[in-house]
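**Student:** I'd like to go over a predicted model; first the sequence, then the structure.
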Amino acid sequence: MRQAVAPYVALGILLLILFQNQVPHILEFFKNNKDAFLSIGPLLSVFGILYVASLNDKSARSHRILDHRVRWIESLRVNISNYLAVCKRITSNAAICSTAPSRSASFADDIIKDLYEIKALQSLIDLSLNLDEPAQKDLQKTLFDIQNTSNKILYCVAKVDGYSAGKMKDFNQYIDNKEEELQRIARLVFKSEWEKAKQGI
């Protein structure tokens with residue numbers, strides 16, 4: 001709203017400076033020519049109505065944009081939260097497999113389902129990111145790192161890559177670290193976007 005009003009205020013000040021010496025003559029003219037004042041009055045009213053209408057329109061558009069931004073932030077927050085929850089399930093199941101290799105086969109199907117869910121959530125998050133923003137680009141990279149390591153966990157559980165309890169623990173620790181990194185970056189993104197929303201950018 002302030003940005004919309006500022007040009008008009010500046011124009012008003014400029015006109016006042018340019019015609020400050022003419023103000024008494026203008027007032028005297030309207031004093032002596034009341035009909036002219038009466039004829040220009042409705043015109044000024046029309047301009048006033050149009051001006052207020054333009055401000056209201058800009059304000060309405062700003063509110064619509066703000067509403068879209070708030071909904072986008074909330075949607076991104078929910079998707080990242082769900083993504084982290086699935087990551088926890090994968091690492092939890094993988095941890096059980098690393099301590100009880102004989103049970104790895106029974107957890108393989110669960111991990112496969114979680115990997116599909118992670119991929120779907122990753123796509124939703126990725127499509128909503130603005131990769132011109134450095135923090136959001138970092139967030140995308142972290143998602144891909146987690147996805148790649150989750151695939152390696154599946155290979156271990158399915159014994160495609162040769163089962164190794166030590167390797168599984170390394171992968172789990174890597175994902176745990178990446179989850180913390182993802183949360184840190186996400187907080188930066190949310191903070192930045194909320195500041196933009198408050199400023200009406």
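**Tutor:** Looks like it came in fine.

**Student:** CA only for contacts and neighbour counts going forward, please
**Tutor:** Fine.

**Student:** what pLDDT does the model give residue 82?
**Tutor:** pLDDT recorded at residue 82 is 94.

**Student:** one more: residue 56?
**Tutor:** At residue 56, the model reports a pLDDT of 61.

**Student:** and what of residue 7?
**Tutor:** 54.

**Student:** so where is the protein shaky, pLDDT-wise?
**Tutor:** For the chain, residues meeting the criterion pLDDT under 70 lie at 1-63, 100-105, 158-165, 200-201.

**Student:** 90 instead?
**Tutor:** Applying pLDDT under 90 to the chain picks out residues 1-74, 87-116, 118-119, 128, 130-131, 147-177, 190-201.

**Student:** so it: which segments form each domain?
**Tutor:** Following automatic domain parsing, the chain resolves into domains at 2-59, 65-199.

**Student:** okay, how far is it across the last one, tip to tip?
**Tutor:** The reference is to domain 65-199. Distance between the boundary residues of domain 65-199 (CA to CA, to the nearest Å) amounts to 12 Å.

**Student:** need the helices for the chain, in chain order.
**Tutor:** Counting by DSSP state H, one finds helices in the chain at the ranges 2-18, 23-32, 34-99, 104-127, 134-157, 165-199.
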